[in-house]
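Student: Need the 3D shape of this:
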Amino acid sequence: MTQAQIQVAETRIRAPEDGRVISVTGIPGSLVGAGSEIMRLSAGSPEVHFKVPAASSWTVGDAAEVSVPASLNDQSVHAVIREIGAIDEASQTQDVKLRLEHPFPVSVNSLVTVSLAPHEVSHVARVPLTALISEDQTHAHLWGVTEGQEPHLVLRRVRIAGLRGADALVEGLTAGERIVTNGDASFHQDQAVQCVSQVSER
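Tutor: Numbers count the residues shown, from 1 in each chain. Down below sits the predicted model:
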C-alpha cells in the first residue's frame with residue numbers, strides 16, 4: 001500500500017510558479033526522464049518585446065503605453081522600458097523589452113501597439129560615419145574646425161541619435177559648424193589646420 005501511494009505521488013506534477021499552461025508536449029502513458037519537457041507554462045511578470053532602429057534614443061526607465069486590439073475595447077496599460085539589447089549588426093536594430101504595470105487579458109505572443117513617450121530632441125546633424133570615433137553604442141566624438149583666419153581643431157563629443165546608411169544622425173553640433181569628415185589618430189586639440197576643401201551641407 002505504501003509503495004502504491006509513493007507511485008501515485010510521483011505522478012503529480014507541480015509547476016515551480018503560478019501561471020497558465022500554453023501547450024502540452026508530453027504524451028499520456030509515456031515514460032519520461034527527469035528534466036524532460038512535458039508542458040509549457042506562461043508565468044512571471046508580463047512583458048512586451050519589440051525592435052527599434054539603432055541606435056535607439058530611448059533608455060531604460062522611459063515610459064510607454066501599450067494597447068491591445070480594438071476588439072478588446074482599446075484597453076491600454078502603462079509600461080516602462082526594462083531592457084535595451086545590443087545593436088544587431090546585420091539588421092541595425094535593437095531589442096527592447098517593456099515591463100507592464102498590469103497584465104493584459106490576451107494570450108502569449110499576441111500583437112499589441114506600443115507608444116513610446118517622445119523625447120525633447122536637440123538639433124540633429126547628419127554627418128558621415130567616417131567622421132565619428134566611437135566611444136560606446138550611443139556616444140562618439142569627432143573633430144570640429146574653428147572659424148577665423150587661423151582655424152584649429154576642437155574635440156566635439158556627440159550623441160548618436162540614429163543611422164542612415166553611411167551617415168549618422170548626431171546631437172551636440174551647432175548649425176553650420178565645420179567638421180573633419182575623415183578623422184586621423186594623429187590629430188590633437190588646438191592643432192592648426194588649413195582648409196583646402198569643404199563638402200556641401202547635408
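Student: was I right about A43 contacting D18?
Tutor: Yes. In terms of C-beta atoms under 8 Å, A43 counts as a neighbour of D18; the distance is 6.4 Å. Every residue, glycine included, has its C-beta placed from N, CA and C.
Student: Those two - which one has more neighbours?
Tutor: When neighbours are counted by other C-beta atoms under 10 Å, A43 comes out ahead of the other of A43 and D18, with 13 against 8.
Student: Quick check: the more buried one vs Q94, distance?
Tutor: When C-beta to C-beta, to the nearest Å is applied, the distance between A43 and Q94 equals 26 Å.
Student: and if you look at H188?
Tutor: H188 sits 34 Å away from Q94, taking C-beta to C-beta as the criterion.
Student: Give me the more crowded residue out of the two.
Tutor: It is Q94, of H188 and Q94, that has more neighbours when counted by other C-beta under 10 Å, with 19 against 11.
Student: which residues in the protein form strands?
Tutor: Defined through DSSP state E, the strands belonging to the chain, from first to last, are 19-24, 39-43, 47-53, 63-67, 76-84, 93-100, 113-116, 124-128, 133-134, 139-145, 153-164, 167-171, 178-179.
Student: quick one: strands adjacent to the fifth one?
Tutor: Based on DSSP bridges, the pairing partners of strand 76-84 within the sheet are strand 63-67 (antiparallel), strand 93-100 (antiparallel).
Student: Out of these, the one nearest I13 is which?
Tutor: Evaluated with C-beta to C-beta, the strands paired with strand 76-84 place strand 93-100 nearest to I13, the distance being 28.5 Å.
Student: Show me the shaky parts of the protein.
Tutor: 8, 10, 44-45, 55-56, 69-74, 105, 107, 119-122, 196-202 (pLDDT under 70).
Student: picking up where we left off before, do you know which of the strands of the chain lies nearest Q5?
Tutor: For the strands of the chain, the distance to Q5 is smallest for strand 39-43, at 24.4 Å, taking C-beta to C-beta.
Student: Compute the inter-axis angle for that closest one and strand 19-24.
Tutor: With axes from the mean of the first three to the mean of the last three C-alpha atoms, to 10 degrees applied, the angle from strand 39-43 to strand 19-24 works out at 150 degrees.
Student: Please identify the pairing partners of strand 39-43 and their relative orientation?
Tutor: Strand 39-43 has these partner strands in its sheet, going by DSSP bridges: strand 19-24 (antiparallel).
Student: For the partner strand, list the C-alpha coordinates in PDB.
Tutor: C-alpha atoms of strand 19-24 as PDB (Å, rounded to 0.1, in the frame of the first residue of the first chain):
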ATOM      1  CA  GLY A  19       1.000  30.700 -14.500                       C
ATOM      2  CA  ARG A  20      -1.000  29.400 -17.500                       C
ATOM      3  CA  VAL A  21      -0.400  26.300 -19.400                       C
ATOM      4  CA  ILE A  22       0.100  27.200 -23.100                       C
ATOM      5  CA  SER A  23       1.000  23.800 -24.600                       C
ATOM      6  CA  VAL A  24       1.300  20.200 -23.600                       C
END
